[in-house]
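*Asks:* Give me the fold of what follows.
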Amino acid sequence: MVLRKARTAGAAAVVLGIGFVGVVTLGTYAASGVPEGSSAAPGLSGGTVPAAYRSHIQQWGGLCREISAPMLAAQLYQESGFDPQAKSPAQAYGMAQFLEATWATYGTDGDGDGKRDIWNAYDAIASAATYDCALARDVAKVPGDKQANMLAAYNAGPYAVIEHNGIPPYKETQGYVRSIQALAKSFTAPAAQGGQLALSKQAAGAIWFAQGKLGTDYLWGGTGQSWEDGRFDCSGLTKAAYESVGIVLPRVANDQWYAGPHPSRDQLRPGDLVFFANDLEDPRTIHHVGIYVGGGYMIDAPHTGAKVRYDTIEQKDYIGATRVTPDGAAALPNRNPNDGTITKGEAPRTS
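*Replies:* As a prediction, the model looks like this:
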């Protein structure tokens, strides 16, 4: 869902007047999503945000109490997959997918260069936070979960939230709130989620499915369909394995990465998805995924000419793991293969 039309220009003017340095300073003391008086804002989980944007998202995620760095990251990921050049058919632009009319009001100089550029990633991050916090002020008197009300205002407009005294009864809006709050968990450092991550109830079934495919030939783009002679590529295998237990994952590996929280290496459990990337500081470069089975091994469909097999995860391009959850998977968007923006009712990418 692209950012909506400008609705609260007065509130934004206050933030714009503070300037870059002032807002970042304010963010240092605004502990997003934590009790008043606490200094521990939720941290970003390693490898979930491109390194170039990590500190900026962490800073601007503290602009007001209703947002957090993981929530802001979830919004940016859903809008564009962290692509500063994203352009949607609805004429929404940049990493945060602003309409030009909205940008005119909420566009913020995020990198201190004196410009407000809709295509500049740092300006887009700052502007997304600015817009969120302006909406939060608009619905501040509405009872209930403050962050949920803000997200509902982002999707449906603040007047709908005020009129309904909370999240309005719109299926799209209720789904948006659930999706962003669920997706934010994938961006939250495990330590901020209460220590040991819950085990997956569906893991055993997914492994059972993958074990049944051992020895199957690899096929680039394969999803196991009959016209593909039951063959898979890496993400086609993991997608089919979790679909066998009722969890629908996106088609490509670097979107499956966000299907749940991220256990550390010593927290790995059978059923976790394990990922490999060309750049360990940039999840957009993830190129391979397998299903962890324990003992340092995974089941994967490795490459053309190979078969589904057991492989070690002890590889130099290992970036991390994801513990798939039903809520996490359901929160993930389908994307247009050409511009990376969200598509509704269309098939996921096939490569």
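
*Asks:* Correct me if wrong: Asp272 contacts Arg323.
*Replies:* Yes - using Cβ atoms under 8 Å, Asp272 makes contact with Arg323 at a distance of 5.3 Å. Using the backbone N, CA and C atoms, a C-beta is placed for each residue, glycine as well.

*Asks:* can you give me the strands in this protein?
*Replies:* Assigned by DSSP state E, the chain shows strands spanning 92-93, 98-99, 273-277, 286-294, 297-300, 309-312, 318-322, 334-335, 342-343.

*Asks:* between Asp272 and Arg323, who's got more neighbours?
*Replies:* Counted by other Cβ atoms under 10 Å, Asp272 and Arg323 do not tie: Asp272 has more neighbours, with 28 against 24.

*Asks:* Look up how far Ser235 lies from that one.
*Replies:* Per Cβ to Cβ, to the nearest Å, Asp272 is found 15 Å from Ser235.

*Asks:* Give me the below-cutoff pLDDT ranges for this protein.
*Replies:* In the predicted model of the chain, residues 1-40, 191-196, 335-351 satisfy pLDDT under 70.

*Asks:* so what are the domain limits for it?
*Replies:* What automatic domain parsing lists as the domains of the chain is 9-193, 203-343.

*Asks:* correct me, but Gln267 touches Ala198?
*Replies:* No - Gln267 is beyond contact range of Ala198, at 11.0 Å (criterion: Cβ under 8 Å).

*Asks:* more crowded one of these two?
*Replies:* Gln267 (15 against 11).

*Asks:* can you give me the helices for the chain?
*Replies:* Along the chain, the segments classed as helices by DSSP state H run 9-29, 51-60, 69-80, 100-106, 121-138, 146-156, 158-163, 171-187, 203-211, 234-243, 253-256, 326-330.

*Asks:* shared neighbours of Asp272 and Arg323, anything?
*Replies:* The overlap between the contact sets of Asp272 and Arg323 (Cβ atoms under 8 Å, 6 or more residues apart in numbering) consists of 200, 263.

*Asks:* contacting residues around the residue nearest to Lys307 when sequence neighbours are not counted?
*Replies:* Of all residues not flanking Lys307 in the chain, Gly215 sits nearest, at 5.3 Å (Cβ to Cβ, 6 or more residues apart in numbering). By Cβ under 8 Å, 6+ apart, the contact list for Gly215 reads 307-309.

*Asks:* quick one: which of those residues has the most company?
*Replies:* Val308 (23 neighbours).

*Asks:* Does it touch Leu214 like I think?
*Replies:* Yes - in this structure Val308 lies within contact range of Leu214 using Cβ under 8 Å: 5.4 Å.

*Asks:* if I look at these two, which residues touch both of them?
*Replies:* Ile299.

*Asks:* Give me the nearest residue to Pro158, chain neighbours excluded.
*Replies:* Nearest residue to Pro158, sequence neighbours excluded (Cβ to Cβ, 6+ apart): Asp138, at 3.8 Å.

*Asks:* distance of that neighbour from Leu151?
*Replies:* The gap separating Asp138 from Leu151 is 13 Å, by Cβ to Cβ.

*Asks:* Which one's more surrounded, these two?
*Replies:* Per other Cβ under 10 Å, whichever of Asp138 and Leu151 has more neighbours is Leu151, with 29 against 21.
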